[in-house]
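Trainee: here's my sequence, what's the structure:
(chains A and B)
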Amino acid sequence: MALVTVIAMVSVGGHVAHAAPSAALDLSQYHGKVVYLDFWASWCAPCKLSFPFLEKLQSYYAGRNFVLLAVNVDHDRTKADAFLREAGSNLPIVYDTTGGIARTFNVKAMPTSVVIGADGRVRYVHSGFFPDQMPLYEAHISELLNAK
Amino acid sequence: MQNDGRRRARARAGLGIALLCVGGILSACASVGPAAWDHDLMARKSMQLNTHPDLMAALEHSYFSKEGASGGRSFVGGGCGCN
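Mentor: Here you go, the predicted model:
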């Protein structure tokens, strides 16, 4: 499960990397780190709601063994880019226009967050985004970061 | 003895085919609706039942006023038959 190789394009820091149209999302490079994969789409209202929380996670756990990747599943990438501009997001984005990564992780709802432990195994799946469950989402991350 | 063997083989084949049919029928409804990441495709105008609402409204109007027929696309009225 840790190694997912699909056709995707990766951008970091809000800048889109057009150079690699068939770059791979290789989660094995994050082995030893807790990975928070967030599947989102521009048409999904709860996703918009979740972005400030994701930004907060990103900054709060900076410097720890934590990686957050926001996987966009829009078929039309321009809509995703417009969403990101509007949100002013700096999250690392993985473009999954064919749904290959989402299919691999058996995503059933938008948004869905998959929390992967340092051992590369999927530990928690958060289906949907519910603001009242933010402490639980954070607790899952903390638990995995503090796991020996 | 040979007939018994053939009968058993036929029964097994029949059972296998029956199981395949049941499996096929059950799995036919296993995936209903679009995948979570395909909802934007379903929301496209080209995927709507009524892609040209103005044209549809005009058609409805002509059916209502000239053909004496209306409805069929929604539930309207109280069942008195007067609309």
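
Trainee: and the gap between residue A:99 and chain B?
Mentor: For residue A:99, the distance to chain B (C-beta to the nearest C-beta, to the nearest Å) stands at 4 Å. From N, CA and C alone the C-beta is placed, and that goes for glycine too.

Trainee: ok, the nearest residue to that residue once chain neighbours are set aside - how many residues close by?
Mentor: Of all residues not flanking residue A:99 in the chain, residue B:37 sits nearest, at 4.1 Å (C-beta to C-beta, 6 or more residues apart in numbering or on different chains). By other C-beta atoms under 10 Å in any protein chain shown, 27 other residues sit near residue B:37.

Trainee: report the contact partners of residue B:37.
Mentor: A:39, A:41, A:73, A:96, A:99, A:102, A:107, A:110 (C-beta atoms under 8 Å, 6 or more residues apart in numbering or on different chains).

Trainee: the last one looks like it's in a strand, true?
Mentor: No - using DSSP: H, G, I helix; E, B strand; the rest coil, the assignment for residue A:110 is coil, not a strand.

Trainee: check what pLDDT the closest residue in space to it that isn't next to it in sequence gets.
Mentor: Nearest residue to residue A:110, sequence neighbours excluded (C-beta to C-beta, 6+ apart): residue A:44, at 4.2 Å. The model reports residue A:44 with a pLDDT of 93.

Trainee: again with the one 5 residues further on
Mentor: At residue A:49, the model reports a pLDDT of 94.

Trainee: and it, how close does it get to chain B?
Mentor: From residue A:49 to chain B the distance is 17 Å (C-beta to the nearest C-beta).

Trainee: count of residues packed around residue A:107?
Mentor: 24.

Trainee: list phi and psi for it.
Mentor: phi -70, psi 130 (degrees, to the nearest 10).

Trainee: follow-up on the earlier one: going by distance to residue A:67, which of the contacts of residue B:37 wins?
Mentor: Checking the contacts of residue B:37 against residue A:67 with C-beta to C-beta, the nearest one is residue A:39 at 15.1 Å.

Trainee: tell me the secondary structure for the closest residue to chain A within chain B?
Mentor: Per C-beta to the nearest C-beta, residue B:37 is where chain B lies closest to chain A, at 3.7 Å. Each residue gets one of three states, and residue B:37 gets helix by three-state DSSP.
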